[in-house]
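Engineer: Below: sequence and its predicted model.
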Amino acid sequence: MTRINRSLAVVLAAWLFAAAWPVVAQEARPGVAWDALSVEQQQLFERFRDGWDELPPQRQQAMVTGSERWLSMTPEQRERALERWRKWESLPPEERQLIRQRWQRFRDLPPEERERLRDDYRRFQSLPPERRQELRERWHELPPEQRQRMREHWRQMTPEQRAEARQGSQSGHPPQAGRGGGRR
């Protein structure tokens, strides 16, 4: 592993542990002794070796969790993760803060609402690229007020009404914010 790749791996492992931080921080678990780390983890965390024992136990646990995830990835998955990390690092601080806020709002949603959003995202990702681009363009062409009305309208719909609206949009007829669709 080249020095640059190792540095990126350390940064990425730290980033991955940050994703796990809220879960790990809630659990009061003991720290991890340096000698308890695998050889691969010790290589990954080499720059932390001298100060490992001074790290808070929760941070050690989070780093171990992130490193396990990193080490279980295929080379292709690691490259994609590094690319996402590079993209994240290139974002302006304001945009990163906005993403963090949105992620926190998502985490604060009830589990069934988070799952519904994940399903919607999977459904969107399964569309052909041209159709996704067309939908993005149509969305961005809408005035902000209309986009907000559509978001609110969508949130008020029952799952059945959402399914019906999706069928209409697949046939080329987008749902209208003013037509039916509110909870009854």
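Structural biologist: Yep, that arrived. Numbering: from 1, shown residues only.
Engineer: In CSV, could you pull the C-alpha coordinates for the helix or strand harbouring residue 113?
Structural biologist: Using DSSP states H and E, residue 113 falls within helix 111-125. Only the C-alpha atoms of helix 111-125 are listed here, as CSV (Å, rounded to 0.1, in the frame of the first residue of the first chain):
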residue,chain,number,x,y,z
PRO,A,111,-38.0,4.2,11.3
GLU,A,112,-40.9,3.6,9.0
GLU,A,113,-40.5,7.0,7.4
ARG,A,114,-36.7,6.4,6.9
GLU,A,115,-37.5,3.1,5.2
ARG,A,116,-40.1,4.7,3.0
LEU,A,117,-37.5,7.3,1.9
ARG,A,118,-35.0,4.5,1.3
ASP,A,119,-37.5,2.7,-0.9
ASP,A,120,-38.3,5.9,-2.8
TYR,A,121,-34.5,6.4,-3.4
ARG,A,122,-34.0,2.8,-4.5
ARG,A,123,-37.0,3.1,-6.9
PHE,A,124,-35.5,6.4,-8.3
GLN,A,125,-32.1,4.7,-8.7
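Engineer: If we go by neighbour counts, what in stretch 80-90 is buried?
Structural biologist: Buried residues in stretch 80-90, defined by neighbour count with 16 or more other C-beta atoms under 10 Å: 81, 82, 85. Backbone N, C-alpha and C define where each C-beta goes, glycine included.
Engineer: and the last one, backbone torsions?
Structural biologist: Read that as residue 85. Phi and psi for residue 85, reported as degrees, to the nearest 10, are phi -60, psi -50.
Engineer: With residue 60 as the reference, measure out to it.
Structural biologist: In this view, residue 85 and residue 60 are 21 Å apart by C-beta to C-beta, to the nearest Å.
Engineer: what packs against the helix or strand containing residue 97?
Structural biologist: Using DSSP H and E, residue 97 sits in helix 93-108. Packing partners of helix 93-108 (3 or more C-beta pairs under 8 Å, 6 or more residues apart in numbering; DSSP states H and E): helix 111-125.
Engineer: Give me the angle between the helix it packs on and helix 93-108.
Structural biologist: Using axes from the mean of the first three to the mean of the last three C-alpha atoms, to 10 degrees, the inter-axis angle of helix 111-125 relative to helix 93-108 is 120 degrees.
Engineer: now whichever helix or strand comes after helix 111-125, how far from the chain's geometric center?
Structural biologist: Counting by DSSP H and E, the element after helix 111-125 in chain order, helix or strand, is helix 129-141. How far helix 129-141 lies from its chain's middle: 22 Å, per C-alpha atoms, centre = their mean, to the nearest Å.
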